[in-house]
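J.: below are the sequence and a predicted model; questions follow.
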Amino acid sequence: MSDPLIAAALAARANAYAPYSRFHVGAALRTEEGQIFAGCNVENAAFPEGSCAEAGAIAAMALAGGRRIAELVVAGEGEAPCTPCGGCRQKIREFAGPKTPLRMVDARGRVLLHTTLAALLPHSFGPGHLAGNPA
């Protein structure tokens, strides 16, 4: 795979733990510094109390000290783009701006949707809405 972000999302998807839904998702993000962090969905018996792939990638970034997402890829399955859930859209918003590119790919790495955070989460609420916080 020539695109390292797509390759990281596909590798994460391969390690997803989804025994209940059997819907494997991987996500990978690139920081403004060029670091790549990945995550996969992880389910548990208290379904749906698992965690999403995007949340895992964001947590890995935060643990390493990263604070800004430059780009994000989500790898799902099937012919329809696997877009982030509402909660993950808000999590992405915490670390990304409206123009941040997001790509949804299938299990082979084929891009199904290329969009921006603003298109997925219009009129979003973010850190800049709180007094004393940066936009």
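T.: On my side now, so go ahead. Residues are numbered from 1 along each chain as shown.
J.: which residues does A59 contact?
T.: Listed by CB atoms under 8 Å, 6 or more residues apart in numbering, the contact set of A59 reads G39. C-betas here are computed from N, CA, C, even on glycine.
J.: please repeat the previous calculation with a cut-off of 10 Å.
T.: Taking CB atoms under 10 Å, 6 or more residues apart in numbering, we find A59 in contact with F37, G39, S51, K91.
J.: my guess is V74 contacts R13. True?
T.: Yes - between V74 and R13 there is a contact under CB atoms under 10 Å: 9.0 Å.
J.: what ranges do the strands span in this protein?
T.: Counting by DSSP state E, one finds strands in the chain at the ranges 26-31, 36-40, 69-75, 101-105, 111-116.
J.: direction included, what does the first one pair against?
T.: Strands that pair with strand 26-31, judged by DSSP bridges, come out as strand 36-40 (antiparallel), strand 69-75 (antiparallel).
J.: and these: which comes nearest T116?
T.: Proximity to T116 (CB to CB) singles out strand 69-75 among the strands paired with strand 26-31, at 10.3 Å.
J.: circling back: most tightly surrounded among the strands paired with strand 26-31?
T.: Between the strands paired with strand 26-31, strand 69-75 has the highest mean count of neighbours, a mean of 25, where neighbours are mean count of other CB atoms under 10 Å.
J.: where does this protein have low pLDDT?
T.: Within the chain, the stretches with pLDDT under 70 are 1, 134-135.
J.: contact partners for the most centrally placed residue in it?
T.: Centroid-nearest residue in the chain, with CA atoms, centre = their mean: E54, separated by 3.2 Å. Shown in contact with E54 (CB under 10 Å, 6+ apart): 25-29, 39, 41, 69, 72-74, 83-85, 87-89, 91-92, 102.
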